[in-house]
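> Here is my input, please return the structure:
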Amino acid sequence: MHPYGLSPDLTIKVFSMLDTRSVFCAAATCSFFQKCAIDPLCYINIELGTLESKIKPNKDPKTKDAMVSTIIQRAGSAIQSIKLDIKWPYISEADDDEQWEYMEGPPFLTGCCLSSLCANGGVAGTIKETLSEALSASLSVCHSLVQLKIVDMNAHISHTMESVSRHCRLLELFIFKFCGGPPDMLETSVCKEFVVNCPKITTLAVQTCILFPCVAFELVKGFNELKYVDFTNCFSLTGAFLEDLATEGGGNSLEVMILKGLYSLDKVGVEKFMEALVAGKCRQLRHLVNFHIFFVFGGTYPLYS
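Below is the predicted model:
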């Protein structure tokens, strides 16, 4: 029996179940834990949001990038997921070194922090959020990626979809919420390529972008296994999208559709879609969220609440 009660193998197994901050804290307690924490299996799921209190705002950006890069290098090919969701920090009025407060805003890392990812040959798992500058380079080595979530990042929807279509054809979940500057437009040609190259998509969210009705229809109709779709706060999306679904079909596997904040969604389009639902189209649809109105479907007829 090891003096600490667990063998190195079992200790590493336990560390692999912890978040990144907990592994760092454990490694600082003794030399035995420090040696165990070097093992790549301890970093199969890197979550940097848990390190907010460890990365202080007065650190040089290069130092922060180096820290993240080191973690990725340490994980090597064992890495399964990366989540970079560190919030923008500011010093509280107390100016106490131990009292750092955080507000939502852009991350304070640069694309250099992900350079090690390409060196590792990519990840065979999930990137939950990444930096805009390094996104294309990162995706180019993530051929086994199944989930991608980009939230509140100043990335371009069309460029992102192009990279995904080219390199991540096993993708099942794609969530994109644009942040910063004028809204970006999703191009029709990019949309069609995305549908053809990523047929396994079951969850799709495209938010706060310029999305024309024909493009939205192409997305919903094109993915045969699509169960969840969210077009919240998309500009230029009118009732013509729902009319196309009602008249031309599509969305046969759809269970949830969220259309919040669509001021251009006219009453006529909504009514035609509701009539199509009553007639038996989109039979799997159970939840429709439209602006401030929430519909729950049970059986054949919609119930309003």
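
> Glu243 against Glu271, yeah?
No. Using CB atoms under 8 Å as the test, Glu243 is too far from Glu271 to be in contact (9.6 Å). In this view, the C-beta of every residue, glycine as well, is placed from N, C-alpha and C.

> higher neighbour count, these two?
Glu243 (20 against 14; other CB atoms under 10 Å).

> and the more buried one, what does it touch?
Glu243 makes contact with 268-269, 272-273, according to CB atoms under 8 Å, 6 or more residues apart in numbering.

> Who wins on neighbours among those?
Within the contacts of Glu243, most neighbours by other CB under 10 Å means Phe273, with 24 neighbours.

> isn't there a helix covering that residue?
Yes. Phe273: assigned to a helix according to DSSP: H, G, I helix; E, B strand; the rest coil.

> can you start the count at 19 instead of 1 from here on
Sure thing, new numbering starts at 19, so read that last one as Phe291.

> give me the number of residues near the closest residue to it other than its chain neighbours?
Excluding the flanking residues, the one nearest Phe291 by CB to CB, 6 or more residues apart in numbering is Leu260, at 3.8 Å. Leu260 has 29 neighbouring residues, counting by other CB under 10 Å.

> repeat for the one 10 residues further on
Neighbours of Asn270 under the rule other CB under 10 Å: 15.

> Report pLDDT for it.
Looking at Asn270, its pLDDT reads 89.

> same deal with His161?
His161 is given a pLDDT of 80.

> for the one 5 residues further on, same thing?
You'll see Leu166 listed with a pLDDT of 86.

> host element of it?
Assigning secondary structure by DSSP states H and E places Leu166 in strand 165-171.

> That strand pairs with which strands, and in what direction?
strand 144-147 (parallel), strand 191-196 (parallel) (DSSP bridges).

> Among the contacts of Glu261, which one lies nearest to Lys53?
Phe291 (60.9 Å; CB to CB).

> Might one say that the closest one is in contact with Leu263?
Yes. Using CB under 8 Å, Phe291 makes contact with Leu263 at a distance of 6.1 Å.

> Tell me where this structure has helices.
Using DSSP state H, the helices of the chain run over 26-33, 38-45, 49-54, 79-93, 133-137, 153-157, 175-185, 206-215, 231-240, 258-266, 285-296.

> Out of the ones you listed, which gets the lowest mean score?
Among those, helix 133-137 scores lowest, at a mean of 65.

> hang on, Asn251 packs against Gly279?
Yes. Between Asn251 and Gly279 a contact is recorded at 4.0 Å, counting by CB under 8 Å.

> Please work out how many residues are found near Thr88.
12.

> Sorry, slip of the keys, the one I care about is Val233.
Quick note: Val233 (other CB under 10 Å) scores 24 neighbours.
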